[in-house]
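**Student:** I'll drop the sequence and a predicted model, then ask my questions.
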Amino acid sequence: MDRGNLSRRGFLRRALAALTVGAGLPAWYAREVLAFEEDKKPVASGDKIIMGAIGIGSPQSRGRAIAHDALRAGKGNVRYVAVCDVDERHVKNAVEDMKKNGQDVKGYRDFRELLDRKDIQAVTIATPDHWHVLVAIEALKKGKDVYCEKPLTLTIDEGKALRKVVRQTGRVFQVGSQQRSDPRFRLACELVRNGRIGKIKTVETRIGANPQGGPFPVEKPPKELDWDFWLGPTPKVDYVARRCHYEFRWWYEYSGGKMTDWGAHHNDIAQWGLGMDDSGPVAVWGMGAPPDKRPNCYNCHPIFQARFTYANGAELVCTDRGENGVRFEGEKGQWIFVSRGRIAASDRKLLEEPLPRDAVRLYVSNNHMGNFLECVRTRKPTICTAEVGHRSVTVCHLGNIAIRSGKKLKWDPQAERFVGDDEANRWLSREMRAPWKLEA
């Protein structure tokens, strides 16, 4: 008796059960996922990929999580040698944490010093949003491959500049929109792309409301935190603890609230399902409850809705209401809903019937960081390139611009400008505080 084969078959049966019961995938698609992993040819490992982490953050942060993802996905073929953060507490903790994981790293406060190292081939970037593009462009120009957390940009013009530098340098770039590497989201997009619910009428991206809070007290910055460096290109303001670290998400100066936090994930899936990875909507309007105008309060609109129209007649509705996830609805009322917890349909048969052999199939990745590392070795495009990430977060920025301006706006996705509205086009960029500037 070949116990090795028995063991292997047992493992596959358990994996299939996990995908069908745990992930909610129909059996035919779960078998495809497993077959892809079984048939994948191993990429020659060669030397270890030498990496640095910029914006390493606290133990609970995305910076720390994606660094550990790289170590796990690398399976011994990744080595971190440097970590960077403007908060020395994070640097000290990360150096100790990495040592426990067998990584001998040096700590930095200034990302430029880390990027000057010739031995580093690739970096993970998990800074606050207002730093993403400045750091990524510097990394690309220094010859590094880049894994950058979402949302990719703070403004639409930042995305255009970043895309230009990626093209100029030819470096590998992955945006951390990891739902593209979740089989549930891929299945939903493949089904709607192949007409399973008929012509798409509406896509709803349900992302939750923004928190409210403040006024928060002005304090003296912790001695370990370089507050001026943290602010970087944004206006100089007094230190408020709730502006910093995780809470930066709820201030328009540094981010875009839930619209760019969860919206960068779910609007990305909407774009994928609509087949709009290199384009976008042609019109947008939005509304929201006014944010608190007092100083030092969270200033993102607490509740909101943005509506986008595409050239093919489909409408995308991004809203704070409803169960978190993405819902595709066809003209005859059939729908498919997908989230990180489940995939469902108006009729289970919509999911259970396999796609035909000639169906449109999408880029397959079942491990987002693993995909990045594989592409670093093969030099192939990642599943979520800078172009894809830019186009997806552009939808989010358009939504926020419509909500904040109170206007119904026409958008040209090829020229990437508002049509006939110079005032609206001023929202495409933001002035940067010296000495920082956007250089493509």
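**Tutor:** Cool, the structure landed.
**Student:** can we go C-alpha only for contacts and neighbour counts from here?
**Tutor:** OK.
**Student:** so what's the residue lying closest to K408 once chain neighbours are set aside bridging to?
**Tutor:** Spatial nearest neighbour of K408, excluding adjacent residues (CA to CA, 6 or more residues apart in numbering): W285 at 4.4 Å. W285 has the following beta-bridge partners by DSSP bridges: R307.
**Student:** do you know how far W285 is from W436?
**Tutor:** In this view, W285 and W436 are 32 Å apart by CA to CA, to the nearest Å.
**Student:** what of A70?
**Tutor:** 30 Å.
**Student:** with neighbour numbers in mind, choose between those two.
**Tutor:** A70 (23 against 12; other CA atoms under 10 Å).
**Student:** in contact with M432, which residues?
**Tutor:** Taking CA atoms under 8 Å, 6 or more residues apart in numbering, we find M432 in contact with 233-235, 438.
**Student:** could you say what helices and strands the helix ranked longest in the chain packs with?
**Tutor:** Longest among the helix segments of the chain by residue count, using DSSP state H, is helix 386-405. The elements that helix 386-405 packs onto, with contact taken as 3 or more CA pairs under 8 Å, 6 or more residues apart in numbering; DSSP states H and E, are helix 156-169, strand 173-175, helix 258-261, helix 263-274, strand 283-288, strand 304-309.
**Student:** before we move on, back to that, which residues does the residue nearest to K408 contact?
**Tutor:** 306-308, 399, 402-403, 406-409.
**Student:** I'd like these as JSON lines, with neighbour count appended.
**Tutor:** What follows is the contacts of W285, written out as JSON lines (neighbours: other CA atoms under 10 Å):
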{"residue": "A306", "neighbour count": "24"}
{"residue": "R307", "neighbour count": "22"}
{"residue": "F308", "neighbour count": "27"}
{"residue": "G399", "neighbour count": "28"}
{"residue": "A402", "neighbour count": "25"}
{"residue": "I403", "neighbour count": "23"}
{"residue": "G406", "neighbour count": "13"}
{"residue": "K407", "neighbour count": "14"}
{"residue": "K408", "neighbour count": "16"}
{"residue": "L409", "neighbour count": "21"}
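**Student:** looking at the residues you listed, which is nearest S255?
**Tutor:** G399 (13.2 Å; CA to CA).
**Student:** low-confidence ranges in this structure?
**Tutor:** 1-22, 44-45 (pLDDT under 70).
**Student:** can you rerun that using 80?
**Tutor:** 1-23, 40-46 (pLDDT under 80).
**Student:** give me the domain ranges for it.
**Tutor:** Listed domain ranges for the chain are 13-39, 49-178, 180-363+387-428 (source: automatic domain parsing).
**Student:** I'd like those as JSON lines, with distance to G370 appended.
**Tutor:** Listed next are those as JSON lines, based on distance: least, CA to CA, whole Å:
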{"stretch": "domain 13-39", "distance to G370": "12"}
{"stretch": "domain 49-178", "distance to G370": "5"}
{"stretch": "domain 180-363+387-428", "distance to G370": "10"}
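**Student:** quick one, what contacts L134?
**Tutor:** Under the criterion of CA under 8 Å, 6+ apart, the neighbours of L134 are L438.
**Student:** next one: the one 5 residues further on
**Tutor:** With contacts taken as CA under 8 Å, 6+ apart, A139 has the following neighbours: 115, 123, 145-146.
**Student:** and G325, by the same measure?
**Tutor:** 205-207, 266, 337-340.
**Student:** give me the buried positions along stretch 317-330.
**Tutor:** Within stretch 317-330, the residues that count as buried by 16 or more other CA atoms under 10 Å are 317-320, 324-330.
**Student:** please read the previous query as pertaining to stretch 61-73.
**Tutor:** Buried residues in stretch 61-73, counted by 16+ other CA under 10 Å: 62-64, 66-68, 70-71, 73.
**Student:** I'd like the distance between E374 and V172.
**Tutor:** Following CA to CA, the distance that separates E374 from V172 is 10 Å.
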